[in-house]
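**Student:** just the structure for this:
(one chain, ligands or ions: 2)
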Amino acid sequence: MKSGFLDKLIERLGRIGPEDVQNYLLQLAQEKGLIETVFNAIQEGIIVTDAKGRITYVNDAACELFGLEAEQSIGKRLDECVRGLDWKALSQSEGAISRDMEIFYPANRFLNFYIVPLLIERRTPKDGANSHAEPVGHAIILRDITESRRSTEKTIESERFNALTLLAAGVAHEIGNPLNSLHIHLQLMERKVRKLDGKVKEELQEAIAISRAEITRLDSIVTQFLQAIRPSKPVLHPENVNAIVEEAVRFVAPEIEDRDIVVEQELRSDLPLLELDRDQMKQVFYNVIKNSFEAMKRRGILRIRTNMDATHVNISFTDTGGGMSAESLSRVFEPYFTTKSSGSGLGLLIVRRIVREHGGEMAIESNEGKGLTLTIRLPYLDKRVRMLEAGTSPHN
Ligand SMILES: Nc1ncnc2c1ncn2[C@@H]1O[C@H](COP(=O)(O)OP(=O)(O)O)[C@@H](O)[C@H]1O
Ligand SMILES: [Mg+2]
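**Tutor:** Residues are numbered from 1 along each chain as shown. Ligands and ions are numbered 1, 2, ... in the order given. Next comes the predicted model:
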């Protein structure tokens, strides 16, 4: 609003005749309407509060960001309308402040709050020259920064991966070769020990067996590590997902028996063939099944279902292994995140990478204390488009 107009109005206040009032009011209403239209057209959310933190104005964008109704929010305290907002702390600053915040309702978004205290110059009636600024509230400008935030996260993720890739070459050399040599020397020792007798022979044989098992474990960690780092491009052929699931389950048959686990398979028989790398997909299923077994330890049920919708084939693995905490769930794709004493923390990372390279996606639903469902979705339509998308970013 042109401040000149208001100033003049105030100056003439004593001289305004009744016929002018209507004109001025109309003019004011028009200008207010225009400003509101402008405020509602901009993308940024705008909220104005009074000195007590009560909302006096809120534009459409702000309503949308916080799931508010403009009319119902006017007069309410801002921290009542936006739960979890520490308005007291935010409104104490004398100058403008800018703060990034995550909101969870009505959608999970990141917002930048720019908060400016509003001051009005007041002239003391007796002494016109002496004026002071009185705080009358705050203006809050909200910017949705979700997209830029997510792309930053992606960059960090891929940089982590770059660092990992560098390390990988070193690890392969440094650990792979001595492991081989240890393996050969243990074999030699074993041969010599066979010629001994009695208790010493037994003890040595046991020690050798333990060392061998540890070497095998290390070897598999190194192999997994390298698979995570140096992905080979999938070699695609039309495959039957059910057959691959069955193969992966057969592969773990000895463990099923050892752990006394029941594996129930509900495999839909009319699934379309999918363009898959059979070995890679088998590794995916194997890693997921193995995690379920390790979560259930002994006795439990793993239910594997295959199904389809209009665009995807879904493969879900539901176990009774107690699930995981929200904290673990949020970290599960971090390289090396593991809750197991001998885990590599790379299993799910490999799973996700392979699934993505097939144009698919995965979801984990954890029911803490009960169990976990991991679902893999593989597209059977638009496959090429999706593959290109997944392939453009070399590190995910
Ligand atoms: N089915 C599951 N039930 C409970 N927790 C799981 C399950 N699958 C994975 N997790 C959790 O995710 C972590 C990471 O899994 P993964 O990447 O395969 O690495 P690792 O198995 O070597 O620990 C595991 O340590 C475990 O805490
Ligand atoms: Mg694992």
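**Student:** only C-alpha atoms for contact and neighbour calcs from this point on.
**Tutor:** OK.
**Student:** which residue is nearest the middle of this protein?
**Tutor:** residue 330 (6.6 Å; Cα atoms, centre = their mean).
**Student:** before we move on, what SS does that residue have?
**Tutor:** Assigned by DSSP: H, G, I helix; E, B strand; the rest coil, the conformation of residue 330 is helix.
**Student:** for it, give me its contacts.
**Tutor:** If you count contacts by Cα atoms under 8 Å, 6 or more residues apart in numbering, residue 330 has none.
**Student:** what segments of the stretch 151-300 of the chain are strands?
**Tutor:** Counting by DSSP state E, counting those that start in this stretch, the stretch 151-300 of the chain has strands at residues 237-239, 261-267, 274-276, 300-308.
**Student:** out of those strands, nearest to residue 94?
**Tutor:** Closest approach to residue 94 among the strands of the stretch 151-300 of the chain (Cα to Cα): strand 300-308, 58.3 Å.
**Student:** is the closest one up against ligand 1 anywhere?
**Tutor:** No. Strand 300-308 lies apart from ligand 1 when judged by Cα under 6 Å from any ligand atom; the minimum separation is 9.3 Å.
**Student:** adjacent strands (with direction) for the helix or strand following that strand?
**Tutor:** Beyond strand 300-308 in the direction of the C-terminus, DSSP states H and E gives the next helix or strand as strand 312-319. On the basis of DSSP bridges, the sheet neighbours of strand 312-319 come out as strand 300-308 (antiparallel), strand 371-379 (antiparallel).
**Student:** what are the buried residues along the last one?
**Tutor:** Judged by neighbour count using 16 or more other Cα atoms under 10 Å, the buried positions of strand 371-379 are 371-379.
**Student:** likewise stretch 209-219?
**Tutor:** 212, 215, 218-219.
**Student:** ok, and what's touching whatever helix or strand residue 29 lives in?
**Tutor:** Element membership for residue 29 (DSSP H and E) is helix 18-41. Identification of contacts with helix 18-41 by Cα under 8 Å, 6+ apart yields 1, 46, 59-61.
**Student:** buried among those residues? Need that as a selection in ChimeraX.
**Tutor:** Command for ChimeraX that selects the buried part of the contacts of helix 18-41, burial taken from 16+ other Cα under 10 Å:
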select :46,59,60,61
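**Student:** let me see the contact set for the residue of the stretch 101-250 of the chain found nearest ligand 2.
**Tutor:** Closest residue of the stretch 101-250 of the chain to ligand 2, Cα to the ion: residue 224 (10.0 Å). Going by Cα under 8 Å, 6+ apart, residue 224 touches 344, 346-347.
**Student:** who wins on neighbours among the residues you listed?
**Tutor:** residue 347 (27 neighbours; other Cα atoms under 10 Å).
**Student:** check contacts around residue 104.
**Tutor:** Per Cα under 8 Å, 6+ apart, neighbours of residue 104: none.
**Student:** show me where the chain has helices.
**Tutor:** Per DSSP state H, the chain carries helices over the ranges 3-11, 18-41, 60-66, 70-73, 78-81, 87-90, 146-194, 198-229, 241-251, 253-259, 278-296, 326-331, 347-357, 383-392.
**Student:** break the chain into its domains for me.
**Tutor:** For the chain, automatic domain parsing gives the domain ranges 42-144, 151-229, 237-392.
**Student:** looking at those, which is buried most?
**Tutor:** domain 237-392 (a mean of 17; mean count of other Cα atoms under 10 Å).
**Student:** just confirm yes or no for it near ligand 2.
**Tutor:** Yes. Counting by Cα under 5 Å from the ion, ligand 2 has neighbours in domain 237-392: 291, 347.
**Student:** let me see the mean pLDDT of that domain.
**Tutor:** Per-residue pLDDT over domain 237-392 has a mean of 88.
**Student:** how about stretch 280-300 as CSV, C-alpha atoms only?
**Tutor:** Output of stretch 280-300 as CSV, limited to C-alpha atoms (Å, rounded to 0.1, in the frame of the first residue of the first chain):
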residue,chain,number,x,y,z
GLN,A,280,22.3,-60.9,-9.3
MET,A,281,18.7,-61.4,-8.5
LYS,A,282,19.5,-64.7,-6.7
GLN,A,283,22.1,-62.8,-4.7
VAL,A,284,19.4,-60.2,-3.8
PHE,A,285,17.0,-62.8,-2.5
TYR,A,286,19.8,-64.7,-0.8
ASN,A,287,20.9,-61.6,1.1
VAL,A,288,17.3,-60.7,2.2
ILE,A,289,16.6,-64.3,3.3
LYS,A,290,19.9,-64.5,5.2
ASN,A,291,19.0,-61.3,7.0
SER,A,292,15.6,-62.7,8.0
PHE,A,293,17.3,-65.9,9.3
GLU,A,294,19.8,-63.9,11.3
ALA,A,295,17.0,-61.8,12.8
MET,A,296,15.0,-64.9,13.7
LYS,A,297,18.0,-66.8,15.0
ARG,A,298,16.1,-70.0,15.7
ARG,A,299,12.5,-71.0,15.0
GLY,A,300,10.4,-68.5,13.1
